[in-house]
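Q: Have a look at this fold, sequence not included:
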(Lines give C-alpha, C1' and ligand atoms only; values in the text may rest on other atoms or scores of the structure.)
Protein backbone atom coordinates (compact mmCIF):
# COMPACT_ATOMS: atom_id res chain seq x y z
CA UNK A 1 0.00 0.00 0.00
CA UNK A 2 2.78 2.37 0.96
CA UNK A 3 4.76 1.50 -2.19
CA UNK A 4 1.72 2.03 -4.42
CA UNK A 5 1.07 5.40 -2.80
CA UNK A 6 4.68 6.42 -3.33
CA UNK A 7 4.56 5.36 -6.97
CA UNK A 8 1.37 7.38 -7.43
CA UNK A 9 2.91 10.48 -5.88
CA UNK A 10 6.00 10.14 -8.04
CA UNK A 11 3.85 9.77 -11.13
CA UNK A 12 1.79 12.87 -10.40
CA UNK A 13 4.80 14.89 -9.30
CA UNK A 14 7.15 13.72 -12.01
CA UNK A 15 7.26 17.07 -13.79
CA UNK A 16 8.29 19.00 -10.70
CA UNK A 17 10.63 16.20 -9.60
CA UNK A 18 12.30 16.28 -12.99
CA UNK A 19 12.53 20.06 -12.84
CA UNK A 20 13.93 20.01 -9.30
CA UNK A 21 16.43 17.23 -10.12
CA UNK A 22 17.77 19.07 -13.15
CA UNK A 23 17.84 22.30 -11.15
CA UNK A 24 19.99 20.61 -8.51
CA UNK A 25 22.40 19.37 -11.18
CA UNK A 26 22.59 22.79 -12.84
CA UNK A 27 23.18 24.73 -9.66
CA UNK A 28 25.44 21.98 -8.38
CA UNK A 29 27.70 22.68 -11.35
CA UNK A 30 27.52 26.43 -10.76
CA UNK A 31 28.24 25.79 -7.07
CA UNK A 32 31.28 23.77 -8.15
CA UNK A 33 32.77 26.88 -9.79
CA UNK A 34 33.54 28.82 -6.57
CA UNK A 35 34.67 25.59 -4.89
CA UNK A 36 37.21 25.10 -7.68
CA UNK A 37 38.30 28.71 -7.55
CA UNK A 38 38.80 28.52 -3.79
CA UNK A 39 41.01 25.49 -4.43
CA UNK A 40 43.12 27.43 -6.93
CA UNK A 41 43.07 30.84 -5.21
CA UNK A 42 44.42 31.85 -1.83
CA UNK A 43 41.82 33.13 0.67
CA UNK A 44 42.98 36.70 -0.09
CA UNK A 45 42.50 36.35 -3.86
CA UNK A 46 39.22 34.54 -3.32
CA UNK A 47 38.17 37.48 -1.16
CA UNK A 48 38.92 39.88 -4.04
CA UNK A 49 36.99 37.61 -6.41
CA UNK A 50 34.00 37.61 -4.03
CA UNK A 51 33.96 41.41 -3.75
CA UNK A 52 34.24 41.73 -7.56
CA UNK A 53 31.36 39.36 -8.25
CA UNK A 54 29.41 41.20 -5.57
CA UNK A 55 29.62 44.30 -7.79
CA UNK A 56 28.52 42.33 -10.86
CA UNK A 57 25.46 41.00 -9.13
CA UNK A 58 24.62 44.42 -7.77
CA UNK A 59 24.36 45.89 -11.26
CA UNK A 60 22.64 42.84 -12.79
CA UNK A 61 20.15 42.87 -9.93
CA UNK A 62 19.46 46.56 -10.41
CA UNK A 63 19.35 46.70 -14.21
CA UNK A 64 18.66 43.18 -15.56
CA UNK A 65 17.15 40.81 -13.04
CA UNK A 66 14.66 43.45 -11.91
CA UNK A 67 12.65 43.04 -15.14
CA UNK A 68 12.78 39.24 -15.14
CA UNK A 69 9.80 38.45 -12.92
CA UNK A 70 7.63 41.22 -14.38
CA UNK A 71 8.42 39.79 -17.81
CA UNK A 72 7.43 36.26 -16.75
CA UNK A 73 4.16 37.43 -15.17
CA UNK A 74 3.09 39.62 -18.11
CA UNK A 75 4.32 37.10 -20.70
CA UNK A 76 2.40 34.27 -19.01
CA UNK A 77 -0.80 36.33 -19.06
CA UNK A 78 -0.21 37.30 -22.71
CA UNK A 79 0.54 33.70 -23.71
CA UNK A 80 -2.69 32.50 -22.11
CA UNK A 81 -4.74 35.13 -24.00
CA UNK A 82 -3.05 35.36 -27.40
CA UNK A 83 -0.65 32.45 -27.71
CA UNK A 84 2.34 34.81 -28.10
CA UNK A 85 4.53 36.93 -25.81
CA UNK A 86 5.59 39.55 -28.36
CA UNK A 87 4.49 42.59 -26.35
CA UNK A 88 6.16 41.52 -23.12
CA UNK A 89 9.25 40.35 -25.00
CA UNK A 90 9.57 43.72 -26.74
CA UNK A 91 9.56 45.56 -23.42
CA UNK A 92 12.11 43.11 -22.05
CA UNK A 93 14.45 43.81 -24.99
CA UNK A 94 14.11 47.56 -24.47
CA UNK A 95 14.91 47.30 -20.78
CA UNK A 96 17.88 45.00 -21.41
CA UNK A 97 19.35 47.42 -23.95
CA UNK A 98 19.01 50.22 -21.43
CA UNK A 99 20.72 48.11 -18.77
CA UNK A 100 23.87 47.66 -20.86
CA UNK A 101 24.12 51.40 -21.44
CA UNK A 102 23.64 52.26 -17.76
CA UNK A 103 26.24 49.75 -16.57
CA UNK A 104 28.79 51.03 -19.06
CA UNK A 105 28.16 54.64 -18.04
CA UNK A 106 28.35 54.03 -14.29
CA UNK A 107 31.46 51.87 -14.64
CA UNK A 108 33.19 54.64 -16.57
CA UNK A 109 32.29 57.25 -13.98
CA UNK A 110 32.97 55.16 -10.87
CA UNK A 111 35.83 52.87 -11.89
CA UNK A 112 38.22 54.24 -9.25
CA UNK A 113 36.08 53.67 -6.11
CA UNK A 114 34.60 50.41 -7.43
CA UNK A 115 37.96 48.83 -8.27
CA UNK A 116 39.34 50.01 -4.92
CA UNK A 117 36.44 48.44 -3.03
CA UNK A 118 36.94 45.09 -4.80
CA UNK A 119 40.72 45.21 -4.24
CA UNK A 120 41.41 44.79 -7.97
CA UNK A 121 43.19 46.95 -10.55
CA UNK A 122 41.39 49.15 -13.08
CA UNK A 123 42.48 46.77 -15.81
CA UNK A 124 40.92 43.84 -13.97
CA UNK A 125 37.75 45.85 -13.43
CA UNK A 126 37.32 46.29 -17.19
CA UNK A 127 37.02 42.51 -17.46
CA UNK A 128 34.00 42.68 -15.16
CA UNK A 129 32.07 43.88 -18.19
CA UNK A 130 32.32 40.33 -19.57
CA UNK A 131 30.90 38.95 -16.34
CA UNK A 132 28.04 41.46 -16.39
CA UNK A 133 27.10 40.65 -19.99
CA UNK A 134 27.39 36.93 -19.32
CA UNK A 135 25.08 37.00 -16.31
CA UNK A 136 22.66 39.14 -18.33
CA UNK A 137 22.64 36.61 -21.19
CA UNK A 138 21.89 33.79 -18.78
CA UNK A 139 19.02 35.69 -17.16
CA UNK A 140 17.66 36.57 -20.62
CA UNK A 141 17.43 32.97 -21.87
CA UNK A 142 16.17 31.64 -18.54
CA UNK A 143 13.27 34.10 -18.47
CA UNK A 144 12.26 33.41 -22.08
CA UNK A 145 12.19 29.65 -21.56
CA UNK A 146 10.10 30.05 -18.41
CA UNK A 147 7.70 32.47 -20.10
CA UNK A 148 7.20 29.96 -22.92
CA UNK A 149 6.49 27.23 -20.33
CA UNK A 150 9.70 25.35 -21.18
CA UNK A 151 10.60 24.92 -17.54
CA UNK A 152 12.76 21.84 -18.03
CA UNK A 153 14.64 23.59 -20.85
CA UNK A 154 15.29 26.45 -18.44
CA UNK A 155 17.18 24.16 -16.09
CA UNK A 156 18.79 22.26 -18.97
CA UNK A 157 20.27 25.56 -20.11
CA UNK A 158 21.64 26.11 -16.60
CA UNK A 159 23.21 22.64 -16.64
CA UNK A 160 24.95 23.19 -19.97
CA UNK A 161 26.14 26.62 -18.83
CA UNK A 162 27.54 25.04 -15.67
CA UNK A 163 29.33 22.33 -17.67
CA UNK A 164 31.01 24.88 -19.91
CA UNK A 165 31.96 26.97 -16.86
CA UNK A 166 33.74 24.06 -15.20
CA UNK A 167 35.42 23.01 -18.47
CA UNK A 168 36.61 26.58 -19.06
CA UNK A 169 38.17 26.78 -15.59
CA UNK A 170 39.90 23.39 -15.86
CA UNK A 171 41.32 24.12 -19.32
CA UNK A 172 42.49 27.57 -18.27
CA UNK A 173 44.14 26.15 -15.16
CA UNK A 174 45.85 23.36 -17.09
CA UNK A 175 47.26 25.46 -19.95
CA UNK A 176 47.42 29.08 -18.83
CA UNK A 177 46.91 29.35 -15.08
CA UNK A 178 43.84 30.77 -13.33
CA UNK A 179 43.58 34.55 -13.05
CA UNK A 180 40.74 36.84 -12.06
CA UNK A 181 40.57 38.15 -15.63
CA UNK A 182 40.07 34.64 -17.00
CA UNK A 183 37.33 33.92 -14.49
CA UNK A 184 35.46 37.09 -15.44
CA UNK A 185 35.60 36.09 -19.12
CA UNK A 186 34.27 32.65 -18.20
CA UNK A 187 30.99 34.21 -17.09
CA UNK A 188 30.40 35.44 -20.66
CA UNK A 189 31.72 32.46 -22.61
CA UNK A 190 29.75 29.71 -20.85
CA UNK A 191 26.15 30.98 -21.41
CA UNK A 192 26.92 31.87 -25.04
CA UNK A 193 28.25 28.38 -25.77
CA UNK A 194 25.22 26.85 -24.03
CA UNK A 195 22.61 28.79 -26.04
CA UNK A 196 22.80 26.75 -29.32
CA UNK A 197 22.01 23.53 -27.45
CA UNK A 198 18.59 24.92 -26.44
CA UNK A 199 17.91 27.00 -29.55
CA UNK A 200 15.10 24.79 -30.90
CA UNK A 201 12.93 25.66 -27.89
CA UNK A 202 13.40 29.38 -28.50
CA UNK A 203 10.07 29.76 -30.30
CA UNK A 204 10.72 32.80 -32.46
CA UNK A 205 7.17 32.81 -33.89
CA UNK A 206 5.88 33.62 -30.42
CA UNK A 207 8.50 36.35 -29.91
CA UNK A 208 8.67 38.07 -33.27
CA UNK A 209 7.84 40.40 -34.84
CA UNK A 210 8.38 42.75 -31.93
CA UNK A 211 5.25 44.59 -30.87
CA UNK A 212 5.46 47.62 -28.61
CA UNK A 213 2.43 48.19 -26.40
CA UNK A 214 2.33 51.27 -24.18
CA UNK A 215 0.03 49.66 -21.61
CA UNK A 216 2.30 46.63 -21.26
CA UNK A 217 5.36 48.88 -21.17
CA UNK A 218 3.84 51.06 -18.45
CA UNK A 219 2.74 48.07 -16.38
CA UNK A 220 6.06 46.23 -16.68
CA UNK A 221 8.03 49.39 -16.00
CA UNK A 222 6.05 50.10 -12.83
CA UNK A 223 6.46 46.48 -11.73
CA UNK A 224 10.18 46.62 -12.60
CA UNK A 225 10.74 49.78 -10.55
CA UNK A 226 9.39 48.07 -7.47
CA UNK A 227 11.21 44.84 -8.27
CA UNK A 228 14.45 46.77 -8.74
CA UNK A 229 13.96 48.41 -5.37
CA UNK A 230 13.22 45.09 -3.72
CA UNK A 231 15.88 43.29 -5.76
CA UNK A 232 18.55 45.70 -4.59
CA UNK A 233 17.24 45.19 -1.09
CA UNK A 234 17.60 41.42 -1.46
CA UNK A 235 21.04 41.99 -2.93
CA UNK A 236 22.10 43.90 0.18
CA UNK A 237 20.62 41.14 2.32
CA UNK A 238 22.60 38.51 0.41
CA UNK A 239 25.78 40.51 -0.15
CA UNK A 240 25.54 43.33 2.37
CA UNK A 241 27.53 41.31 4.87
CA UNK A 242 30.59 42.06 2.75
CA UNK A 243 30.03 45.81 3.06
CA UNK A 244 30.40 45.55 6.82
CA UNK A 245 33.07 42.83 6.77
CA UNK A 246 35.17 44.90 4.33
CA UNK A 247 35.82 47.45 7.08
CA UNK A 248 35.98 45.14 10.11
CA UNK A 249 37.91 42.04 9.08
CA UNK A 250 40.82 41.07 6.82
CA UNK A 251 40.55 40.14 3.15
CA UNK A 252 41.46 36.59 4.17
CA UNK A 253 38.45 36.38 6.50
CA UNK A 254 36.24 37.82 3.76
CA UNK A 255 37.39 34.96 1.52
CA UNK A 256 36.66 32.39 4.23
CA UNK A 257 33.23 33.87 4.92
CA UNK A 258 32.28 33.97 1.26
CA UNK A 259 33.22 30.35 0.67
CA UNK A 260 30.79 29.37 3.42
CA UNK A 261 28.27 31.82 2.02
CA UNK A 262 28.49 30.13 -1.38
CA UNK A 263 26.82 27.07 0.12
CA UNK A 264 23.99 29.20 1.50
CA UNK A 265 23.72 31.05 -1.80
CA UNK A 266 23.51 27.70 -3.55
CA UNK A 267 20.51 26.72 -1.43
CA UNK A 268 18.88 30.09 -2.19
CA UNK A 269 19.27 29.46 -5.91
CA UNK A 270 17.84 25.96 -5.60
CA UNK A 271 14.91 27.15 -3.50
CA UNK A 272 14.33 29.87 -6.07
CA UNK A 273 13.31 27.02 -8.40
CA UNK A 274 10.07 26.73 -6.43
CA UNK A 275 9.14 30.30 -7.24
CA UNK A 276 10.22 30.13 -10.88
CA UNK A 277 8.52 26.79 -11.46
CA UNK A 278 5.15 27.71 -9.99
CA UNK A 279 5.01 31.42 -10.95
CA UNK A 280 3.63 30.91 -14.50
CA UNK A 281 1.08 28.37 -13.22
CA UNK A 282 -0.15 30.57 -10.36
CA UNK A 283 -0.27 33.64 -12.63
CA UNK A 284 -2.70 31.79 -14.90
CA UNK A 285 -4.73 30.01 -12.19
CA UNK A 286 -4.75 32.29 -9.16
CA UNK A 287 -8.56 32.53 -9.30
CA UNK A 288 -9.05 28.76 -9.39
CA UNK A 289 -9.33 27.75 -5.74
CA UNK A 290 -9.15 24.03 -6.54
CA UNK A 291 -5.80 24.36 -8.25
CA UNK A 292 -4.50 26.70 -5.56
CA UNK A 293 -5.58 24.12 -3.00
CA UNK A 294 -3.42 21.51 -4.70
CA UNK A 295 -0.47 23.89 -4.57
CA UNK A 296 -0.92 24.91 -0.92
CA UNK A 297 -2.27 21.75 0.66
CA UNK A 298 -0.63 18.99 -1.33
CA UNK A 299 2.52 20.12 -3.07
CA UNK A 300 3.80 22.53 -0.44
CA UNK A 301 3.96 20.13 2.56
CA UNK A 302 5.74 17.44 0.55
CA UNK A 303 8.32 19.79 -0.90
CA UNK A 304 8.86 21.30 2.55
CA UNK A 305 9.70 17.89 4.00
CA UNK A 306 12.03 17.02 1.13
CA UNK A 307 13.75 20.41 1.35
CA UNK A 308 14.23 20.12 5.13
CA UNK A 309 15.85 16.71 4.76
CA UNK A 310 18.11 17.98 1.97
CA UNK A 311 19.32 21.00 3.96
CA UNK A 312 20.04 18.88 7.04
CA UNK A 313 22.03 16.40 4.95
CA UNK A 314 23.96 19.26 3.38
CA UNK A 315 24.87 20.59 6.83
CA UNK A 316 26.22 17.16 7.77
CA UNK A 317 28.23 16.72 4.57
CA UNK A 318 29.89 20.13 4.18
CA UNK A 319 32.39 19.94 7.10
CA UNK A 320 33.97 16.76 5.73
CA UNK A 321 33.94 18.14 2.18
CA UNK A 322 35.64 21.39 3.17
CA UNK A 323 38.27 19.54 5.19
CA UNK A 324 38.97 17.19 2.28
CA UNK A 325 39.24 19.95 -0.32
CA UNK A 326 41.04 22.68 1.59
CA UNK A 327 42.45 21.08 4.74
CA UNK A 328 42.86 24.00 7.19
CA UNK A 329 42.92 26.86 4.66
CA UNK A 330 39.17 27.50 4.94
CA UNK A 331 38.49 25.96 8.33
CA UNK A 332 36.50 29.01 9.47
CA UNK A 333 34.11 28.52 6.54
CA UNK A 334 32.63 25.40 8.12
CA UNK A 335 30.99 27.18 11.06
CA UNK A 336 29.75 29.97 8.75
CA UNK A 337 28.10 27.35 6.53
CA UNK A 338 26.38 25.59 9.41
CA UNK A 339 24.94 28.83 10.79
CA UNK A 340 23.71 30.07 7.41
CA UNK A 341 21.97 26.79 6.59
CA UNK A 342 19.60 27.55 9.48
CA UNK A 343 18.48 30.58 7.45
CA UNK A 344 17.92 28.26 4.47
CA UNK A 345 15.17 26.45 6.40
CA UNK A 346 13.24 29.70 6.84
CA UNK A 347 13.83 30.68 3.21
CA UNK A 348 12.37 27.30 2.21
CA UNK A 349 9.14 28.01 4.07
CA UNK A 350 8.88 31.61 2.85
CA UNK A 351 9.50 30.74 -0.80
CA UNK A 352 6.07 29.18 -1.30
CA UNK A 353 4.37 32.51 -0.70
CA UNK A 354 6.56 34.45 -3.13
CA UNK A 355 4.90 33.31 -6.41
CA UNK A 356 1.45 33.96 -4.89
CA UNK A 357 2.35 37.53 -3.94
CA UNK A 358 3.89 38.13 -7.36
CA UNK A 359 0.94 36.63 -9.24
CA UNK A 360 -1.42 38.90 -7.27
CA UNK A 361 0.98 41.77 -8.04
CA UNK A 362 1.56 42.48 -4.36
CA UNK A 363 5.08 43.51 -5.23
CA UNK A 364 4.88 46.67 -3.12
CA UNK A 365 4.54 44.54 0.00
CA UNK A 366 7.39 42.22 -0.97
CA UNK A 367 9.70 45.08 -1.81
CA UNK A 368 8.87 47.02 1.35
CA UNK A 369 9.52 43.84 3.32
CA UNK A 370 12.85 43.47 1.57
CA UNK A 371 13.77 47.04 2.44
CA UNK A 372 12.96 46.27 6.06
CA UNK A 373 15.22 43.22 5.83
CA UNK A 374 18.07 45.37 4.51
CA UNK A 375 17.80 47.84 7.37
CA UNK A 376 17.60 45.02 9.90
CA UNK A 377 20.46 43.08 8.34
CA UNK A 378 22.83 46.05 8.11
CA UNK A 379 22.16 47.14 11.68
CA UNK A 380 22.55 43.60 13.01
CA UNK A 381 25.74 43.15 10.99
CA UNK A 382 27.30 46.27 12.46
CA UNK A 383 26.49 45.07 15.98
CA UNK A 384 27.24 41.37 15.58
CA UNK A 385 30.36 41.70 13.41
CA UNK A 386 31.84 44.09 15.94
CA UNK A 387 31.16 41.48 18.64
CA UNK A 388 31.91 38.16 16.91
CA UNK A 389 33.70 38.97 13.66
CA UNK A 390 32.60 37.15 10.52
CA UNK A 391 30.42 34.73 12.51
CA UNK A 392 28.36 37.75 13.55
CA UNK A 393 27.52 38.37 9.90
CA UNK A 394 26.12 34.85 9.59
CA UNK A 395 24.04 35.26 12.75
CA UNK A 396 22.68 38.58 11.47
CA UNK A 397 21.58 36.89 8.22
CA UNK A 398 19.74 34.12 10.07
CA UNK A 399 17.95 36.60 12.32
CA UNK A 400 16.88 38.70 9.33
CA UNK A 401 15.36 35.75 7.45
CA UNK A 402 13.46 34.57 10.52
CA UNK A 403 11.80 37.99 10.75
CA UNK A 404 10.98 38.03 7.03
CA UNK A 405 9.37 34.58 7.19
CA UNK A 406 7.11 35.60 10.06
CA UNK A 407 6.12 38.76 8.15
CA UNK A 408 5.21 36.76 5.01
CA UNK A 409 3.08 34.34 6.98
CA UNK A 410 1.11 37.11 8.72
CA UNK A 411 0.54 39.04 5.47
CA UNK A 412 -0.66 35.96 3.58
CA UNK A 413 -3.22 35.05 6.21
CA UNK A 414 -4.51 38.62 6.60
CA UNK A 415 -4.49 39.85 3.00
CA UNK A 416 -4.25 37.01 0.46
CA UNK A 417 -5.90 33.86 1.79
CA UNK A 418 -9.37 35.41 1.48
CA UNK A 419 -8.87 35.84 -2.28
CA UNK A 420 -8.25 32.12 -2.64
CA UNK A 421 -11.77 31.05 -1.76
CA UNK A 422 -11.93 28.07 0.58
CA UNK A 423 -8.39 27.05 -0.28
CA UNK A 424 -8.08 25.13 2.98
CA UNK A 425 -10.96 22.84 2.12
CA UNK A 426 -11.20 23.05 -1.63
CA UNK A 427 -9.86 20.10 -3.50
CA UNK A 428 -10.06 17.59 -0.69
CA UNK A 429 -12.80 15.72 -2.51
CA UNK A 430 -12.74 16.84 -6.14
CA UNK A 431 -9.34 18.40 -6.86
CA UNK A 432 -7.33 15.64 -8.46
CA UNK A 433 -3.55 16.13 -8.50
CA UNK A 434 -3.20 14.35 -11.83
CA UNK A 435 -5.55 16.87 -13.39
CA UNK A 436 -3.24 19.84 -12.93
CA UNK A 437 0.27 18.50 -13.59
CA UNK A 438 1.95 20.94 -11.29
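A: That came through fine. Every value quoted in this text rests on a predicted model; they were computed, and no experiment measured them.
Q: Can you tell me the centre-most residue of this protein?
A: Nearest to the geometric centre of the chain sits residue 269, at 4.2 Å (Cα atoms, centre = their mean).
Q: What about the closest residue in space to residue 382 that isn't next to it in sequence, how many residues nearby?
A: Closest residue to residue 382 apart from its sequence neighbours, by Cβ to Cβ, 6 or more residues apart in numbering: residue 244 at 5.9 Å. Every residue, glycine included, has its C-beta placed from N, CA and C. The criterion is other Cβ atoms under 10 Å. On that basis, residue 244 has 23 neighbouring residues.
Q: contacting residues around residue 244?
A: Residues in contact with residue 244 (Cβ atoms under 8 Å, 6 or more residues apart in numbering) are 378, 381, 382, 385, 393.
Q: Go again with 6 Å.
A: By Cβ atoms under 6 Å, 6 or more residues apart in numbering, the contact set of residue 244 is 381, 382, 385.
Q: where's it, which helix or strand?
A: helix 214-245 (DSSP states H and E).
Q: Average pLDDT for that helix, rounded please.
A: Averaged across helix 214-245, pLDDT comes to 79.
Q: in the helix or strand just after it, what counts as buried?
A: Sequence-wise, the next helix or strand downstream of helix 214-245 (DSSP H and E) is helix 251-285. In terms of neighbour count (16 or more other Cβ atoms under 10 Å), helix 251-285 has its buried residues at 251-268, 270-271, 273-285.
Q: cool, and stretch 207-220?
A: 207, 211, 213, 216, 217, 219, 220.
Q: Next, the distance between the ends of that stretch.
A: 17 Å (Cα to Cα, to the nearest Å).
Q: repeat for stretch 113-128
A: So stretch 113-128: terminal residues 14 Å apart, Cα to Cα.
Q: Going forward, the N-terminal residue is numbered 17.
A: Let's use 17 as the start, then, which means that last one is stretch 129-144.
Q: And that stretch, what's buried?
A: Neighbour-count burial for stretch 129-144 [16+ other Cβ under 10 Å]: 130, 131, 133, 134, 135, 136, 140, 141, 143, 144.
Q: can you list the weak-confidence ranges in the stretch 317-454 of the chain?
A: 434-454 (pLDDT under 70).
Q: 50 instead, please
A: Counting by pLDDT under 50, the stretch 317-454 of the chain shows low-confidence ranges at 443-454.
Q: And the stretch 17-166 of the chain, by the same measure?
A: In the stretch 17-166 of the chain, residues with pLDDT under 50: 17-19, 22-23, 25-26, 28.
Q: quick one: the helices in it?
A: Ranges of helices in the stretch 17-166 of the chain, per DSSP state H, counting those that start in this stretch, are 18-28, 30-56, 59-79, 84-98, 102-134, 138-142, 144-163.
Q: Could you export those helices as TSV, including distance to residue 186?
A: Formatted as TSV, the helices of the stretch 17-166 of the chain follow (distance: least, Cβ to Cβ, whole Å):
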stretch	distance to residue 186
helix 18-28	36
helix 30-56	8
helix 59-79	17
helix 84-98	30
helix 102-134	25
helix 138-142	22
helix 144-163	18
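Q: Out of those, which gets nearest to residue 370?
A: Proximity to residue 370, assessed across the helices of the stretch 17-166 of the chain by Cβ to Cβ, is greatest for helix 84-98 (9.3 Å).
Q: quick one, the closest one and helix 230-261 angle?
A: 160 degrees (axes from the mean of the first three to the mean of the last three Cα atoms, to 10 degrees).
Q: Which residues outside helix 84-98 are in contact with it?
A: So helix 84-98 is contacted by 101, 103-104, 108, 155, 159, 162-163, 236, 239-240, 243, 295-296, 299-300, 374 (Cβ under 6 Å, 6+ apart).
Q: returning to what we had before: of the helices of the stretch 17-166 of the chain, which is nearest residue 187?
A: Checked against Cβ to Cβ, the stretch from the helices of the stretch 17-166 of the chain lying closest is helix 30-56, at 12.0 Å.
Q: Tell me how far residue 114 lies from residue 170.
A: 24 Å (Cβ to Cβ, to the nearest Å).
Q: again with residue 223
A: From residue 223 to residue 170 the distance is 16 Å (Cβ to Cβ).
Q: Residue 296 now?
A: 11 Å.
Q: Are there residues contacting both of the two? Which ones?
A: Counting by Cβ under 6 Å, 6+ apart, nothing touches both residue 296 and residue 170.
Q: For the strand or helix carrying residue 186, list every residue counted as buried.
A: Assigned by DSSP H and E, residue 186 falls within helix 167-191. Of the residues in helix 167-191, 167-182, 184-185, 188 count as buried by neighbour count, 16+ other Cβ under 10 Å.
Q: repeat for stretch 193-209
A: Going by 16+ other Cβ under 10 Å, stretch 193-209 has these buried residues: 194, 196-207, 209.
Q: what's the answer for stretch 87-104, then?
A: 87-95, 100-104.
Q: wait, which of these is closest to residue 379?
A: Once Cβ to Cβ is applied, the member of these that ends up nearest residue 379 is residue 89, at 9.3 Å.
Q: so how far is residue 378 from the closest one?
A: 12 Å.
Q: and if you look at residue 129?
A: Counting by Cβ to Cβ, the gap from residue 129 to residue 378 is 36 Å.
Q: all helices of the stretch 317-454 of the chain, in order?
A: 348-367, 370-375, 379-404, 406-427.
Q: can you put those in TSV and add distance to residue 53?
A: Formatted as TSV, the helices of the stretch 317-454 of the chain follow (distance: least, Cβ to Cβ, whole Å):
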stretch	distance to residue 53
helix 348-367	13
helix 370-375	30
helix 379-404	24
helix 406-427	19
